[in-house]
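Fold the following.
(one chain, ligands or ions: 1)
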Amino acid sequence: MDANGIEFREVEGRGRAVIAKRDFQPGILLFEEPALVFVKTWMILTGVIVFRRDKVEHKYEALLSEEKSQYRSLYPVCEEPHTERHGERHGESTESGGQLRNRGRTPEASPSPASPTPLTSQQHLQIWDNCGFHYCDSLDDQRNQILHVVVCPALLSAITGCAYAYRFQAQYVKSVLAAGVLFFAIVGPVCYRLFYFGSQAIFVKASRLNHSCQPNAEWQVDAVGEAKHAPTLSLRTKQRVKKGEELTIDYIRELPDLKQSERRKLLQQDYGFLCTCTRCTRCISDDVEELEAEER
Ligand SMILES: C[S@@+](CC[C@H](N)C(=O)[O-])C[C@H]1O[C@@H](n2cnc3c(N)ncnc32)[C@H](O)[C@@H]1O
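Modelled structure (predicted):
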């Protein structure tokens, strides 16, 4: 499906954005988009995404030259002045779409796209940090189940059991069993948040979606049959959206319980921007206490 009914343009203070060109009811599919590139990751403490840099670079090298320039157009998404060229539409595979916006790099209209300056590891990292969508596919889910239901409990039970046996000279087997019960009862639920497998993908159009703490759209990744087809992101409206409104998503939707002030801090620390969504603007202006009372 093409991105009908939406457009990509600049908004004040937030760079390029996705705007509704007509009214939408809740639950409407706005667009579907295959991943440009995706990698397997781990996540620690529901926040720190870890992947092998060389893998990311290797995947980039395997892209076609047009795809490479789309990928490169994402760097640096937010550091340069957002000067949109006439007719530029993000995600379109035309010559004007996906132009290089890299500092110190010649615009693509004149140079040979075959030999762009190589991206550094740091630049790759910045692209993935800013634009990577994290999700779990079915293989990740299986690995997580094995990890959290078998490996982690067994390992932690064995360690706790050994410590218990050493401390109290208890029989090893009894200690491991006791530690296992203890683990499932107390540590098990916590362990689920400590470490898990996932995947991360770059979706060119979707990476133009700005964040809001009260988003009007939500994304989902379908990664069934990933070996044969690239995972596909679909974006749907969450509520009624009026013509001219910006479409936004929640960048930290896996942490719904945070207070507004904590959300702002996290977005600044992890994503490097001061959120200017309506909710945050209200929070800055005067009623932080009122907002936090509402949240309680
Ligand atoms: C994935 S990009 C979104 C598209 C980006 N606006 C662009 O021009 O390509 C994320 C960046 O957009 C900006 N941004 C997104 N949501 C924002 C918000 N609520 N307030 C301020 N800046 C925001 C930040 O600079 C952030 O690092």
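
which stretches of the stretch 1-150 of the chain form strands?
For the stretch 1-150 of the chain, strands defined by DSSP state E, counting those that start in this stretch occupy the ranges 6-11, 15-20, 29-34, 37-44, 48-50, 132-135.

For residue 271, find the nearest of these.
Distance to residue 271, taken as C-beta to C-beta, is lowest for strand 132-135 among the strands of the stretch 1-150 of the chain, at 11.3 Å. (Glycine included, C-beta is placed from N, CA and C.)

if we can go back for a sec, in terms of mean pLDDT, which of the strands of the stretch 1-150 of the chain ranks lowest?
For the strands of the stretch 1-150 of the chain, the weakest mean pLDDT is recorded on strand 48-50, namely a mean of 74.

and it, what does it pack onto?
Here strand 48-50 touches strand 37-44, going by 3 or more C-beta pairs under 8 Å, 6 or more residues apart in numbering; DSSP states H and E.

and the strand it packs on, how far from the chain's centre?
Remark: strand 37-44 is offset 10 Å from the chain centroid, using C-alpha atoms, centre = their mean, to the nearest Å.

quick revisit: residue 173 is nearest to which of the strands of the stretch 1-150 of the chain?
Using C-beta to C-beta, the nearest of those to residue 173 is strand 37-44, at 31.9 Å.

count of neighbours near the residue in the stretch 1-150 of the chain positioned nearest to the ligand?
Residue nearest to the ligand within the stretch 1-150 of the chain: residue 15 (2.7 Å; C-beta to the nearest ligand atom). Neighbour count for residue 15, taken as other C-beta atoms under 10 Å: 17.

One more: residue 54?
Residue 54 - counted by other C-beta under 10 Å - has 10 other residues nearby.

The one 4 residues further on now?
Counted with other C-beta under 10 Å, residues neighbouring residue 58 total 11.

Would you mind naming what in the stretch 101-250 of the chain lies close to the ligand?
Proximity of the stretch 101-250 of the chain to the ligand, by C-beta under 6 Å from any ligand atom, involves residues 130-131, 207-208, 210-212.

Let me know the average pLDDT across the host helix or strand of residue 153.
For residue 153, the host element (DSSP states H and E) is helix 152-168. When pLDDT is averaged over helix 152-168, the result is 77.
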